[in-house]
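Engineer: Using only what follows, build the 3D model:
(chains A and B)
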Number of protein chains: 2
Amino acid sequence: MTKTLNLKTEIIAVGSELLSPGFRETNSLFISGRLEDLGIVISFKTIVGDDVADLRAALGAALKRSGLIVVTGGLGPTEDDRTREVTAGVLRRKLVFSPAIEARIRDRFRKRGLRLPASNKKQSFVIAGAEVLENDHGTAPGLWVSRASRRIVLLPGPPHELEPMFDNSVLPRLREISPGFTLRRTLKITGLSESLMEDRIKGVYSGVPPNGRIITLASPGELQIIISITGRDDRESSEAALTGLEKRLRDRLGERVFSTDGESLEEVVGRLLSLRGRTVACAESCSGGLLGHRLTGIPGSSRYFLESLVTYSDAAKTRLLGVAGSLIAAHGAVSAPVAEAMARGVMEGSGADYGLAVTGIAGPGGATETKPVGLVYTAVAWRGGASVERSVFLGMRSFVKFQSSQKALDQLRLRLIAEEFEK
Amino acid sequence: MTKTLNLKTEIIAVGSELLSPGFRETNSLFISGRLEDLGIVISFKTIVGDDVADLRAALGAALKRSGLIVVTGGLGPTEDDRTREVTAGVLRRKLVFSPAIEARIRDRFRKRGLRLPASNKKQSFVIAGAEVLENDHGTAPGLWVSRASRRIVLLPGPPHELEPMFDNSVLPRLREISPGFTLRRTLKITGLSESLMEDRIKGVYSGVPPNGRIITLASPGELQIIISITGRDDRESSEAALTGLEKRLRDRLGERVFSTDGESLEEVVGRLLSLRGRTVACAESCSGGLLGHRLTGIPGSSRYFLESLVTYSDAAKTRLLGVAGSLIAAHGAVSAPVAEAMARGVMEGSGADYGLAVTGIAGPGGATETKPVGLVYTAVAWRGGASVERSVFLGMRSFVKFQSSQKALDQLRLRLIAEEFEK
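Structural biologist: Numbers count the residues shown, from 1 in each chain, chains lettered A, B, ... in the order given. Modelled structure (predicted):
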């Protein structure tokens, strides 16, 4: 039986409210997580309203292209809950009254001192030939329908009803069908554009095994490569294949990869500082506090983070960081010498081992003839030296701010790694 | 032409990453909001991976059942970006090379001092007969394809590219097609729990007209009430109904409502400071720079924001803010007297009109017998006075940090409003 099953998988979430802009549909995230653990990859996710013709169209399309179809919602007692009837219609099966289900629902109401409302009556009908999935947290039972190589699963919409039903009744049935697993790693990268990364790694795609996948995600200042292997009885060789894939990517990306286990850049920097018993202080201009915010977002950061001085005005740069007014006058506040002086100033004032500084033009205003919006100088100072970098970041204010903080953190990360090698 | 158009609407989001359990697809939320403004109701939303056969199946199903199809993602430079080719195939049209698009992309790279990577080449191809939608924030142009009564719109996946393109190029075209509207206002609220707000406003629900809706959204530190009216030719009476609804909500919520036009709390505070020609400086401990980051997130904030001193260590509080070591020793760094001293210290040091301070325990560590995780003191100082408030915020570190900054900003907002009435 197992071998002939079609495991092309689709989730259909039913409910007009799920299409509203303010609403986030979450059942499918729960279900995809559970399916992925079993090595079942989802091919389609459809959200459809309560309209009968639309629901029929969605189910019809799914039956043509998918073998495992998980439908959520539309099993309730109200008039617009039509999933049961429409599915029966699309499958050309009858709805059959189940006295056992009615008794259970009636009993549920009686326990709360209530009579069975007429509207709940329809929940006692099941699609002919379907297995009933018990609902311990509501009135609507789920249904498991087999049709040749296909399986259609109907589940109630409320997450507190759906989730236990999925774990108790759906997972065991799926495990019989798919005894697989998915292994996954995420490489995080900064300091490369998406296309430059793509140019470096494109040779790797051809070496991806048929049961493996590479997904890339890009956001300003950070790229992710998610590699995964789906397997059945070969966990060890899958681990080895995943490690091989990771190595080939790392060979091409080198120190641009800052984590493979989900760590954020500020976590990586915090861990390196912590391991070496070092401290950092920041001097921020255009990042406006984001550098401090990110570093202090990590529990326990008070061990290595001393302070961050957000010196937006020139006067503050002089008063708090000791940046000479003549230096600002000569080069402008957005300049390499001022960035370096800020980093040194906060390091010396705070007594930290490292000073990290950002000065730039976040935009949309503030550009001059020679200094465009997005121009940012980042500096790291240490006992005995300093380095400054110049970048031009594209995009709106929030992106320039984020990329500034990302660049500064990465500069400190690379310095910490270089020092390790210098020893 | 307009009358024969099929406005059955569907969104297709393309990208294997969008099917992964950890990923939240947000473009469709943005698009549904914009479509709702025009009175266009969405019937289907489909998420499909990068697999060519799957994408073809999704597009094929959409073309059978929908007239306006908005496709997002898969226009990038990587090998798995195939939306352009597959759509052309499903529509049986050719892809045509556009030297103008190639020149634009090449220019974009040149501005950053980079050469055009080979992988970007395919972005210069357009579906025959399509109108090109310019991308001001990335390399992939969008496409607007007409086929009989149907319109197919291809948009890039990154939200910062998609959103301006939608507003600049798609909305004007849709406005010609759809003469309906939805009026919407969002009341933003802070300083109330969701259930307390619900208790205050529950009497309003029964007065909502049949073409109106109230949706409430809760997140830590901020509540939103979205009120909307959908109509066609009755814009004036709809405006009046919406204003009536807003007034009934405001009567019950008073100064807890900080904006009705989408303004964030930091924008409201910035606007009030700006209007009055006043300046602010911050002293942050547990908020770690978030207060400065939020205030400097607003373009033009350098007019009223001078500096923020993130004084994580006790030594920094004394050295930079002049908080007496004996005060910290007597009350602890997380205390009302220290919060007030921090606010006064930064006001005096910077010469700002207002000093804003936060000190607290963000967790998960740091609690003592008398001071729980989430205990936060916020203070605002002005020339002639100061106020301090004590809060205990629930939830993880990031929630405590956000709520701390929210509370401090709200305290300054209320002070600015009170001063207006004192005059």
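Engineer: Which residue does the stretch 101-250 of chain A have closest to chain B?
Structural biologist: residue A:195 (4.3 Å; CB to the nearest CB). In this view, the C-beta of every residue, glycine as well, is placed from N, C-alpha and C.
Engineer: Shouldn't that residue be within a strand?
Structural biologist: No. Read with DSSP: H, G, I helix; E, B strand; the rest coil, residue A:195 is helix and lies in no strand.
Engineer: what's the burial count for the closest residue in space to it that isn't next to it in sequence?
Structural biologist: Nearest residue to residue A:195, sequence neighbours excluded (CB to CB, 6 or more residues apart in numbering or on different chains): residue B:117, at 4.3 Å. When neighbours are counted by other CB atoms under 10 Å in any protein chain shown, residue B:117 registers 20.
Engineer: Could I get the phi/psi values of residue B:117?
Structural biologist: When read as degrees, to the nearest 10, the backbone of residue B:117 gives phi -70, psi 150.
Engineer: try residue A:210
Structural biologist: According to degrees, to the nearest 10, residue A:210 has phi -60, psi -30.
Engineer: contacting residues for the residue nearest to residue A:195?
Structural biologist: Shown in contact with residue B:117 (CB atoms under 8 Å, 6 or more residues apart in numbering or on different chains): A:195, A:196, A:198, A:199, B:77, B:109.
Engineer: Up against chain B, what does the stretch 151-300 of chain A have?
Structural biologist: Applying CB under 8 Å from any CB of the partner chain, we find that the stretch 151-300 of chain A lies next to chain B at A:193-196, A:198-199, A:202, A:205, A:213, A:215-220, A:226, A:282, A:284, A:286-297, A:299-300.
Engineer: at 6 Å what do you get?
Structural biologist: A:195, A:198-199, A:205, A:215, A:217, A:288-290, A:292-293, A:296, A:299 (CB under 6 Å from any CB of the partner chain).
Engineer: Most neighbours out of these, which is it?
Structural biologist: Going by other CB under 10 Å, residue A:289 tops these with 35 neighbours.
Engineer: Next, the buried residues of stretch A:113-133.
Structural biologist: Residues of stretch A:113-133 classed as buried: A:116, A:120, A:122, A:123, A:124, A:125, A:126, A:127, A:130, A:132, A:133 (neighbour count, 16 or more other CB atoms under 10 Å in any protein chain shown).
Engineer: Where strands are concerned, which of those count?
Structural biologist: A:125, A:126, A:127, A:132, A:133 (DSSP state E).
Engineer: Now the last one: closest residue in space that isn't a chain neighbour?
Structural biologist: Counting by CB to CB, 6+ apart, residue A:142 is the residue found nearest to residue A:133 once chain neighbours are left out, at 3.3 Å.
Engineer: Could you check what's spatially nearest to residue A:120, not counting adjacent residues?
Structural biologist: Among residues not flanking residue A:120 along the chain, residue A:77 sits closest, at 4.6 Å (CB to CB, 6+ apart).
Engineer: ok, now residue A:378?
Structural biologist: residue A:408 (4.3 Å).
Engineer: next one: residue A:399
Structural biologist: residue A:220 is the one closest to residue A:399 (CB to CB, 6+ apart), at 4.3 Å.
Engineer: Distance from the chain centre to stretch A:35-49, please.
Structural biologist: 16 Å (CA atoms, centre = their mean, to the nearest Å).
Engineer: if we can go back for a sec, dump the ones in strands among the buried residues of stretch A:113-133 into JSON lines; add pLDDT as well.
Structural biologist: Shown next, in JSON lines, are those (pLDDT from 0 to 100):
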{"residue": "A:125", "pLDDT": "94"}
{"residue": "A:126", "pLDDT": "95"}
{"residue": "A:127", "pLDDT": "97"}
{"residue": "A:132", "pLDDT": "96"}
{"residue": "A:133", "pLDDT": "97"}
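Engineer: Taking the residues you listed together, which two end up most distant?
Structural biologist: Greatest spatial distance in these: A:125 and A:133, 14.7 Å, computed using CB to CB.
Engineer: returning to that earlier point: just send the buried residues of stretch A:113-133 back as a markdown table, with distance to residue A:347 too.
Structural biologist: Listed next are these as a markdown table, based on distance: CB to CB, whole Å:
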| residue | distance to residue A:347 |
| --- | --- |
| A:116 | 74 |
| A:120 | 70 |
| A:122 | 72 |
| A:123 | 68 |
| A:124 | 73 |
| A:125 | 73 |
| A:126 | 72 |
| A:127 | 71 |
| A:130 | 70 |
| A:132 | 69 |
| A:133 | 63 |
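Engineer: so is the residue in chain A sticking out farthest from the centre in a helix, a strand, or just coil?
Structural biologist: When each C-alpha in chain A is compared with the mean C-alpha position (CA atoms, centre = their mean), residue A:326 comes out farthest, at 46.9 Å. Classification of residue A:326 by three-state DSSP places it in helix.
Engineer: Quick check: it vs chain B, distance?
Structural biologist: Residue A:326 sits 21 Å away from chain B, going by CB to the nearest CB, to the nearest Å.
Engineer: one step back: burial of the residue nearest to residue A:120, as a residue count?
Structural biologist: 15.
Engineer: Shouldn't it be within a helix?
Structural biologist: No. The assignment for residue A:77, made by three-state DSSP, is coil rather than a helix.
Engineer: Thought residue A:118 was touching it, still the case?
Structural biologist: No. In this structure, residue A:77 is not within contact of residue A:118 by CB atoms under 6 Å, at 8.9 Å.
Engineer: the longest helix in chain A is where?
Structural biologist: helix A:397-422 (DSSP state H).
Engineer: where's that helix relative to the chain centroid, distance-wise?
Structural biologist: Here the centre of helix A:397-422 is set off from its chain's centre by 22 Å, with CA atoms, centre = their mean.
Engineer: pretty sure residue A:93 is in contact with residue A:127, am I right?
Structural biologist: Yes. Residue A:93 sits in contact with residue A:127 when judged by CB under 6 Å, with a separation of 5.3 Å.
Engineer: Next, the buried residues of stretch A:152-169.
Structural biologist: A:152-158, A:161-163, A:165-166, A:169.
Engineer: for the strand or helix carrying residue A:238, which positions count as buried?
Structural biologist: According to DSSP states H and E, residue A:238 maps onto helix A:235-253. Residues of helix A:235-253 classed as buried: A:238, A:241, A:242, A:245, A:246, A:248, A:249, A:252, A:253 (neighbour count, 16+ other CB under 10 Å).
Engineer: for the next helix or strand after it, what is the average pLDDT?
Structural biologist: Moving toward the C-terminus from helix A:235-253, the next helix or strand (DSSP H and E) is strand A:257-259. Averaging pLDDT along strand A:257-259 yields 98.
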